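*Asks:* quick one: sequence plus predicted model below, questions after.
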Amino acid sequence: MHSTGQFLSGFGLVPGGRIDGYVIISSTGTEESISRYRKYRYEFTVELASIGYSNVDNLLSAMSQITSQIRSIFATRNYYNCSIEPVKRNNLMVDSVGHVTMKLIGYGTR
């Protein structure tokens, strides 16, 4: 698939995106080829800042909605079925000012 940006964009996890009382301030990732041109594994870090009233439990619920669907994402002349593993509370870190750092694992399969 060769594009962490396309993957994240397909799920709306790009800077400026809003998720239940939070705004995404950065999203980065790495890609690992499991089966060349067929299957890829991604590790993402998404950082969010609280905007107004926000609640980590509501954020987890919203992320559950986002990650529960497989997305068909076009990249490098082919479509890939992309998914993100369910987000767990232990994959979140909240700092003293309310910023949340989320670790995600995703897959893309052609």
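*Replies:* Ah, there it is. The structure displayed is predicted, hence computed values, not measured ones.
*Asks:* in three-state terms, label Ser9 for me.
*Replies:* Following DSSP: H, G, I helix; E, B strand; the rest coil, Ser9 is assigned to helix.
*Asks:* so in this structure, which strand runs the longest?
*Replies:* Ordering each strand of the chain by length in residues (DSSP state E) puts strand 22-35 first.
*Asks:* for that one, packing partners?
*Replies:* helix 4-10, strand 39-50 (3 or more Cβ pairs under 8 Å, 6 or more residues apart in numbering; DSSP states H and E). Every residue, glycine included, has its C-beta placed from N, CA and C.
*Asks:* contacts for the last one?
*Replies:* With contact meaning Cβ atoms under 8 Å, 6 or more residues apart in numbering, strand 39-50 is reached by 1, 4, 7-8, 13, 19, 21-34, 59, 80, 84, 97-110.
*Asks:* what's near enough to touch the closest residue to Ser68 other than its chain neighbours?
*Replies:* Spatial nearest neighbour of Ser68, excluding adjacent residues (Cβ to Cβ, 6 or more residues apart in numbering): Pro86 at 7.7 Å. If you count contacts by Cβ under 8 Å, 6+ apart, Pro86 has them with Ser64, Thr67, Ser68.
*Asks:* what do you get for Tyr79?
*Replies:* Ser72, Ile73, Arg110.
*Asks:* again, 10 Å this time
*Replies:* Residues in contact with Tyr79 (Cβ atoms under 10 Å, 6 or more residues apart in numbering) are Met1, Arg71, Ser72, Ile73, Gly108, Arg110.
*Asks:* all good on my end, thank you.
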